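Novice: Quick check, what structure comes out for this input:
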Amino acid sequence: VSSSRPAALKDTRTPPRASPVAMAAAWHRIKAVPIKLADLVRFAKGDSITRANGRALLHEELGIRFAQQSIRVERLATFPGLRPACSVALQNVSAHLARSLDDLVLVDKKARRDEETHIRTFARIKDRHLPDMAIVARAFRTLCARLDSHANMSQAVDSALDDYFKAGLGINLLIDQTLAVHPRSEGKGTRTGIVDEAINVMDIVTDAAEVARDLCEREHGDAPDVNCKGPPEVHCHHMGNASVAPTVAGVPHLIHMATLEIVKNAVRASAENALDKCNMAPVDIGVAQAKEDVTIIVDDKAGGIPRSKASRLLYGYCRSSAPPPLEEDDCGRAQQRSGLGAAGGAEASPLAGFGVGLPFSRAQMRLFGGDIHVMSVHGVGTRVAIFLPRNALTIPCTIPLSID
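Specialist: Got it, this is the predicted structure:
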């Protein structure tokens, strides 16, 4: 353990008590250790000693990350223009994060290696933070109109929220993986905890298309056809074996959630902008694979977005074409909504309507070397490419490791 780590995490004695907020203020300056998907896989495949060491390290790393996240949310609560109720809701989230740091410090060093203590502690912490992302997203949803007319403020909000959501995703991944891996757990096929070393991309695309059409039919009474194009071999010219189905390593529920968000947007836009509801233009999805990436391409003919508005509409937070799920003046109710854990459902995102869908999906893909690119032609339609790297296991994550 690095000598820069707080003494409370190294000492087996009960540390001097400090308030959770004071501990977060002191700990947030410590830089966290980079995490790779390969590290999560090694933890899942390791023997009992490897897992015990991993659990002890996780106590340390998550303590640092909770401290940093608490300070991030505390700063978010001070953004000008937030409604008072939203600022209070964010301050509560910050206090809960500091409380989780306190919970970790209270666990004796030897007990941190114990599986049952570990599962009990982190299951409680996970439940505590399920609503956090929805609360943060809901608070900033109320700033949409102001951000549209203040470019500098919009950029500051986008940067702060991007760091918050990426850090939150990193925390979720670490907790979900350690809870999914225990001596009684058995990986299925290539699945090791929440990580799959050979995700069938076509399966994800097909399922996302079915769910997106179902959601559109519920909302609009009908939905355009979604054509999942081509057997993979059509686009395998650089792969040597043209019959191999496209697979990548990664976290399946994150890839599914991002793919569903993109397909859902295309399907809904096609339904809403169709001149003839009985003859909607279809949405086309293709999957291509090469040495570096497997790429999902989603094309719609829903009219596109004006170039002058594309950057803000496509990549800015606090923008949404879906209706907000809560009343404008009630940030508190967001606490009743689920967060984004590994068990995220295959239905609509728990953050639907909060205006974070596309940038959040892009943050998910960028965690381990992927990306999302969008090209929209006004008067024609929009193409979205989701890049999934083949070497995702060894790419250092882009989760923020420190905070200024």
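Novice: switch to C-alpha atoms for all contacts and neighbour counts from now on
Specialist: OK.
Novice: Low-confidence regions, the stretch 101-250 of the chain specifically.
Specialist: Where the stretch 101-250 of the chain drops to pLDDT under 70, the residues are 145, 147-149, 151, 182-190, 230-244.
Novice: contacts for stretch 91-103?
Specialist: Applying Cα atoms under 8 Å, 6 or more residues apart in numbering, the external contacts of stretch 91-103 come out as 20-21, 23-24, 62-64, 66-67, 69-74, 77, 121, 125, 128-129, 132, 135.
Novice: Buried residues in stretch 36-53, which are they?
Specialist: Neighbour-count burial for stretch 36-53 flags 36-38, 40-41, 43-44, 51-52 (criterion: 16 or more other Cα atoms under 10 Å).
Novice: Can I get these in a markdown table including secondary structure, pLDDT and distance to Ser361?
Specialist: Converted to a markdown table, the buried residues of stretch 36-53 look like this (DSSP: H, G, I helix; E, B strand; the rest coil; pLDDT from 0 to 100; distance: Cα to Cα, whole Å):
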| residue | secondary structure | pLDDT | distance to Ser361 |
| --- | --- | --- | --- |
| Lys36 | coil | 87 | 19 |
| Leu37 | helix | 89 | 18 |
| Ala38 | helix | 90 | 22 |
| Leu40 | helix | 90 | 21 |
| Val41 | helix | 90 | 23 |
| Phe43 | helix | 89 | 26 |
| Ala44 | helix | 89 | 26 |
| Arg51 | helix | 88 | 31 |
| Ala52 | helix | 89 | 33 |
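Novice: residue ranges for the strands of the protein, please.
Specialist: 191-192, 195-200, 226-229, 247-250, 283-289, 293-300, 371-377, 381-389 (DSSP state E).
Novice: And the ones you listed: which comes nearest His150?
Specialist: Across the strands of the chain, His150 has its closest neighbour in strand 371-377 (23.2 Å, Cα to Cα).
Novice: packing partners for the closest one?
Specialist: helix 307-315, helix 357-366, strand 381-389 (3 or more Cα pairs under 8 Å, 6 or more residues apart in numbering; DSSP states H and E).
Novice: now the longest one against strand 371-377, angle please.
Specialist: If I follow you right, that is helix 357-366. Angle of helix 357-366 versus strand 371-377, following axes from the mean of the first three to the mean of the last three Cα atoms, to 10 degrees, is 140 degrees.
Novice: what's the answer for the last one, then?
Specialist: Relative orientation of strand 381-389 with respect to strand 371-377: 170 degrees, computed using the same axes, to 10 degrees.
Novice: Likewise for the first one?
Specialist: When the same axes, to 10 degrees is applied, the directions of helix 307-315 and strand 371-377 differ by 150 degrees.
Novice: what mean pLDDT does helix 307-315 have?
Specialist: Helix 307-315 carries an average pLDDT of 73.
Novice: list the buried ones in that helix?
Specialist: 310, 312-315.
Novice: filter the contacts of stretch 91-103 to the buried ones?
Specialist: Buried subset of these (neighbour count, 16+ other Cα under 10 Å): 20-21, 23-24, 62-64, 66-67, 69-74, 77, 121, 125, 129, 132, 135.
Novice: quick one: the residue nearest to Arg51 when sequence neighbours are not counted from Arg65, how far?
Specialist: Distances taken as Cα to Cα, 6 or more residues apart in numbering put Phe43 closest to Arg51, at 5.8 Å, once the chain neighbours are dropped. Going from Phe43 to Arg65 by Cα to Cα, to the nearest Å gives 19 Å.
Novice: ok, now Val157?
Specialist: In terms of Cα to Cα, Val157 sits 21 Å off from Arg65.
Novice: the more surrounded of these two?
Specialist: Arg65 (28 against 20; other Cα atoms under 10 Å).
Novice: thinking that one is in contact with Ile171, fair?
Specialist: Yes - if you go by Cα atoms under 8 Å, Arg65 and Ile171 touch, sitting 7.1 Å apart.
Novice: returning to what we had before: output the strands of the chain as TSV; include the columns mean neighbour count and distance to Phe165.
Specialist: Output for these, formatted as TSV (neighbours: other Cα atoms under 10 Å; distance: least, Cα to Cα, whole Å):
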stretch	mean neighbour count	distance to Phe165
strand 191-192	20	24
strand 195-200	20	20
strand 226-229	17	30
strand 247-250	22	18
strand 283-289	22	27
strand 293-300	22	23
strand 371-377	18	15
strand 381-389	22	19
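Novice: Among the ones you listed, which comes closest to Phe140?
Specialist: So among those, strand 371-377 is nearest, using Cα to Cα, at 22.8 Å.
Novice: quick one: contacts of that closest one?
Specialist: Outside strand 371-377, the residues touching it (Cα under 8 Å, 6+ apart) are 303-307, 310, 314, 361-363, 365, 382-388.
Novice: Kindly recompute the last result at 10 Å.
Specialist: 258-259, 262, 295-307, 310-311, 314-315, 358-359, 361-366, 381-389 (Cα atoms under 10 Å, 6 or more residues apart in numbering).
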